[in-house]
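Novice: coords please:
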Amino acid sequence: MSETSPSGPAEQPDFDEMARDIAEVPAVEVIVTVAVNLMSAAAVKLGLAPHEGAGDKYKDLDEARKLVTALAGLLDASATEISSFHAAPLRDGLKSLQLAFREASIVPDEPGQGPGEKYTGPVYG
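Specialist: Okay, here's the model as predicted:
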């Protein structure tokens, strides 16, 4: 018995096609895309959402800390794999997020203890 939806039979994902699509994407592009997604998510969780009044609505510093730390770890681990052409703007974005986290914190972390600073070293404003 097959599942159906109001619009017809349920479609099964074509994993072979998905694998072919992924196989065509260079690793550097995958790494950069993941980094940009982490940056975007961290910015929203830091209350930096671009929509008026949305900043505080989505602000969650605990979640932001996790995202910024993951971004720092990814950039640290992939530093030798991606060119400075790709890495430099990502590192700049990471530093901006780390500074925004420090500014948003009621009780700032000690230098070197902020999100991702175990990978980047202390970040000062």
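Novice: if I look at the spatially closest residue to Ala42 that is not a sequence neighbour, how far off is Val44?
Specialist: If the residues on either side of it in the chain are set aside, Ala42 comes closest to Leu67, at 3.9 Å by Cβ to Cβ, 6 or more residues apart in numbering. To be clear about C-beta, it is placed using only N, CA and C from the backbone, and glycine gets the same treatment. Going from Leu67 to Val44 by Cβ to Cβ, to the nearest Å gives 9 Å.
Novice: the two: who's more crowded?
Specialist: Applying other Cβ atoms under 10 Å to Leu67 and Val44 shows that Leu67 carries more neighbours, namely 24 against 21.
Novice: who touches the one helix or strand that one maps to?
Specialist: Using DSSP states H and E, Leu67 maps to helix 61-78. Here helix 61-78 makes contact (Cβ atoms under 8 Å, 6 or more residues apart in numbering) with 31, 34-35, 38-39, 41-42, 45-46, 87, 90-91, 94, 97-98, 101, 104-105, 115-120.
Novice: tell me the gap between it and the middle of its chain.
Specialist: Chain-centre distance of helix 61-78: 7 Å, with Cα atoms, centre = their mean, to the nearest Å.
Novice: could you do stretch 104-111 as well?
Specialist: So, by Cα atoms, centre = their mean, the centroid of stretch 104-111 is 21 Å from its chain's centroid.
Novice: again with stretch 87-94
Specialist: 12 Å.
Novice: list the contacts of the residue positioned nearest the centre of the chain.
Specialist: Centre of the chain computed as the mean C-alpha position; nearest residue by Cα atoms, centre = their mean is Leu38, 0.6 Å away. With contact taken as Cβ under 8 Å, 6+ apart, Leu38 is in contact with 67, 70-71, 74.
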